[in-house]
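1. mind looking at a prediction? Sequence and model below.
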Amino acid sequence: MSTYQGSRGSTRPRRRSRWFLAGGLVTGTLVAGAVGLTGVAASAAEPDRPAPTPAESAATLPSEVPGTAWAPEDQGADPQRPAADETPEQAAADWPNEGAAEGPERAPTRPAGTNGRPPDDKIWRVACDSTGLITALVRANAEGGATLRLAEKCTYTLTHAFQQPDEYDGGIRDAREANDAAETPGDAEAPPRNTADDKAGLPVIYHAITIEGSGATIVRGGQAEEFRFFTVRDGGELTLRDITLRNGSSKAEGGSIHIVHGATAVVERVTVANSTSLSAEGGGGGIFNDGNLQISDSTLVGNRAAGTQGKGGGLLNGGVMTMHRTEFRHNSAVSYGGGLANFRAAGDVYSSTFVRNNAGQGGGMASFSARTKVFDTAVIGNSAEVGGGLANSDAVLVLRQLTVRDNVATVSGGGISTVQGLLPLDDSVISGNTTRGKGGGIYAEKSNLLVRTSDVEGNEAVGEQSLGGGLHVTAGSTSLYKSRVMGNQSTVKAGGIHGERAQVKVDDETMVIENGPTNCEGSKVTVAHCFR
């Protein structure tokens with residue numbers, strides 16, 4: 001249930017009590033925040049006058065002045081006096097219908113055009129002021145959604161969490177977690193979720209809200225408590241464009257953004273930087289998605305999943321995700337998925353890059369108990385214990401047109417590791433990767449590995465007992481078609497392809513050449529069409 005009583009209907013708004021509850025706070029003054037939208041005082045003073053247009057309203061209230069809140073006329077306040085002693089929550093608490101005309105009916109809402117844009121009275125400009133941003137989001141929730149345009153290149157600094165009861169908490173999410181615990185009994189032993197950890201610096205998103213950033217930055221103050229910026233609750237639809245989110249920190253999942261199971265987010269041209277999730281079992285240092293996420297042309301840099309089993313340093317996906325042209329740099333996770341972790345979920349990644357990320361498994365990316373598809377993507381210079389570039393476990397990882405280069409694993413799978421999974425690799429290059437254990441290019445255990453029209457070249461297994469500089473496969477099935485395994489090195493032979501208790505098929509159009517100390521000699525299983 002929404003805490004905002006006027007959020008579900010389009011009927012004429014009624015005058016709010018001075019003690020109206022908004023966002024979980026009681027406030028004793030009626031204050032309209034720093035977003036110039038309608039002329040409250042003018043409407044109250046002239047009841048026969050039609051509701052002002054947005055342009056007239058902007059002229060009536062000088063709301064672009066940063067840090068200024070405006071009191072309505074009937075409170076006897078000086079309209080030129082800033083409400084400097086009020087917190088953002090107090091300024092926001094009475095906002096939801098203060099922008100509506102008091103007395104006369106509001107001018108009818110103009111329907112959206114054929115191009116899908118919202119009507120003009122649903123596009124609101126937000127002054128360069130954090131109080132104004134909070135106020136605008138409270139009102140947008142109360143009125144069923146809106147588009148907010150932030151001040152160009154402004155920095156909105158948030159100094160404390162926005163206090164509001166999350167009445168949508170529970171329901172779909174709790175039911176799903178109960179089902180997960182039933183399917184995986186070990187999950188039931190995890191500590192219960194502490195809702196006090198689930199804090200956000202901005203009001204929870206309940207409706208369709210678009211924020212056009214215009215190059216603005218939202219940042220958590222350096223001495224502030226831990227909180228993320230956005231929580232998108234069941235049924236909420238958040239669209240973020242052209243904005244930077246910096247220094248978010250959450251004791252729960254999602255250092256900057258948390259999208260719950262029944263929610264949707266569209267993230268376009270967004271940078272998420274230096275954010276942290278401290279969740280012991282979850283993660284998503286930058287973003288946690290448990291709903292439906294579309295992300296494109298964005299950058300996730302310097303984020304961390306720092307909990308004891310932290311997953312997804314840049315992004316943890318537990319729902320449905322589609323990604324285009326997005327870059328992950330210098331992110332880290334304690335457990336797996338330094339850049340991206342896809343966990344019990346479905347994720348498609350296109351034309352993206354993963355550079356210098358780090359994790360226990362899957363330095364660049366990890367697919368665990370999931371279905372992951374990655375096309376036309378570069379995975380370069382990442383590091384992990386297992387799967388320096390990519391790690392796949394009990395999952396399907398479909399790779400096409402990949403460059404997996406210069407990644408490092410201390411245990412196995414310098415470029416790629418797959419354990420109990422299905423991994424088709426097509427039209428790709430796996431080169432220059434290193435492990436101190438087994439499988440400099442690819443390590444496959446109890447997996448179905450298909451290598452087609454791809455090159456595995458110049459990889460190394462450099463430990464004292466390391467073997468399989470190109471590929472090391474144990475158990476399962478590995479097949480190579482029209483591919484090259486060339487110029488790989490290991491300490492112990494075989495340097496090209498080493499197999500143990502596995503079925504290894506190499507077609508007559510595949511070349512296994514110039515590997516050292518041998519191509520396939522030393523393998524525990526025979527590799528057809530492979531010379532010494």
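-> Alright, I've got the coordinates. Residues are numbered from 1 along each chain as shown.
2. when you work out contacts or count neighbours from here on, use the C-alpha atoms and nothing else.
-> Noted.
3. all helices of the stretch 301-450 of the chain, in order?
-> Remark: no helices are assigned in the stretch 301-450 of the chain by DSSP state H, counting those that start in this stretch.
4. now do the chain
-> Ranges of helices in the chain, per DSSP state H, are 40-45, 54-60, 88-93, 130-142, 172-183.
5. pick out the shakiest of these, pLDDT-wise.
-> Lowest mean pLDDT within these: helix 40-45, a mean of 33.
6. what mean pLDDT does stretch 391-409 have?
-> 98.
7. what of stretch 483-498?
-> pLDDT averaged over stretch 483-498 gives 96.
8. can you give me how far that stretch is from the chain middle?
-> 38 Å (CA atoms, centre = their mean, to the nearest Å).
9. before we move on, what about stretch 381-399?
-> Counting by CA atoms, centre = their mean, stretch 381-399 comes out at 19 Å from the chain centroid.
10. check stretch 442-462 too.
-> 30 Å.
11. got the CA positions of that stretch in PDB?
-> This file holds the C-alpha atoms of stretch 442-462, laid out as PDB (Å, rounded to 0.1, in the frame of the first residue of the first chain):
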ATOM      1  CA  ILE A 442      40.300 -22.800 -20.600                       C
ATOM      2  CA  TYR A 443      39.700 -25.100 -17.700                       C
ATOM      3  CA  ALA A 444      36.700 -27.400 -18.000                       C
ATOM      4  CA  GLU A 445      35.500 -29.800 -15.300                       C
ATOM      5  CA  LYS A 446      32.400 -32.100 -15.600                       C
ATOM      6  CA  SER A 447      31.200 -29.800 -18.300                       C
ATOM      7  CA  ASN A 448      30.100 -29.900 -21.900                       C
ATOM      8  CA  LEU A 449      32.600 -27.600 -23.700                       C
ATOM      9  CA  LEU A 450      32.100 -26.700 -27.400                       C
ATOM     10  CA  VAL A 451      34.900 -24.700 -29.100                       C
ATOM     11  CA  ARG A 452      33.900 -23.700 -32.700                       C
ATOM     12  CA  THR A 453      35.800 -21.500 -35.200                       C
ATOM     13  CA  SER A 454      37.800 -20.000 -32.300                       C
ATOM     14  CA  ASP A 455      41.500 -19.500 -31.500                       C
ATOM     15  CA  VAL A 456      43.100 -20.600 -28.200                       C
ATOM     16  CA  GLU A 457      46.600 -19.200 -28.500                       C
ATOM     17  CA  GLY A 458      49.500 -17.900 -26.500                       C
ATOM     18  CA  ASN A 459      48.200 -18.900 -23.100                       C
ATOM     19  CA  GLU A 460      50.300 -20.300 -20.200                       C
ATOM     20  CA  ALA A 461      50.100 -22.600 -17.300                       C
ATOM     21  CA  VAL A 462      53.200 -21.600 -15.300                       C
END
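12. show me the shaky parts of the stretch 301-450 of the chain.
-> Scanning the stretch 301-450 of the chain for pLDDT under 70 picks out no residues.
13. burial count for residue 479?
-> Neighbours of residue 479 under the rule other CA atoms under 10 Å: 15.
14. same question, the one 5 residues further on
-> Here the number of neighbours of residue 484 (other CA under 10 Å) works out to 21.
15. please apply the same query to residue 376.
-> Quick note: residue 376 (other CA under 10 Å) scores 18 neighbours.
16. ditto for residue 451
-> Residue 451 has 22 nearby residues by other CA under 10 Å.
17. I'd say it and residue 483 touch.
-> Yes. Using CA atoms under 8 Å, residue 451 is in contact with residue 483, at 7.1 Å.
18. how near is residue 333 to residue 364?
-> According to CA to CA, to the nearest Å, residue 333 stands 10 Å off from residue 364.
19. same deal with residue 462?
-> 21 Å.
20. again with residue 353
-> Distance from residue 353 to residue 364, by CA to CA: 9 Å.
21. which of these two has more neighbours?
-> More crowded of residue 353 and residue 364, by other CA under 10 Å: residue 364, with 43 against 22.
22. picking that back up, between residue 353 and residue 364, which contacts overlap?
-> Counting by CA atoms under 8 Å, 6 or more residues apart in numbering, the contacts common to residue 353 and residue 364 are 379, 380.
23. what's the pLDDT at residue 298?
-> For residue 298, the model assigns a pLDDT of 98.
24. ok now do the spatially most central residue of the chain, which residues does it touch?
-> Of all residues in the chain, the one closest to the mean position by CA atoms, centre = their mean is residue 287, 2.7 Å from it. By CA under 8 Å, 6+ apart, residue 287 lies in contact with 253, 254, 255, 256, 257, 258, 314, 315, 316.
25. of the residues you listed, keep whichever come out buried.
-> Listed as buried from those are 253, 254, 255, 256, 257, 258, 314, 315, 316; burial here means 16 or more other CA atoms under 10 Å.
26. relative to residue 134, how far out is the first one?
-> For residue 253, the distance to residue 134 equals 22 Å [CA to CA].
27. then the fourth one?
-> In this structure, residue 256 lies at 16 Å from residue 134, with CA to CA as the measure.
28. residue 422 now?
-> In terms of CA to CA, residue 422 sits 47 Å off from residue 134.
29. same thing with residue 425?
-> 47 Å.
30. neighbour count winner among these two?
-> The neighbour comparison of residue 425 against residue 134 (other CA under 10 Å) goes to residue 134, with 25 against 22.
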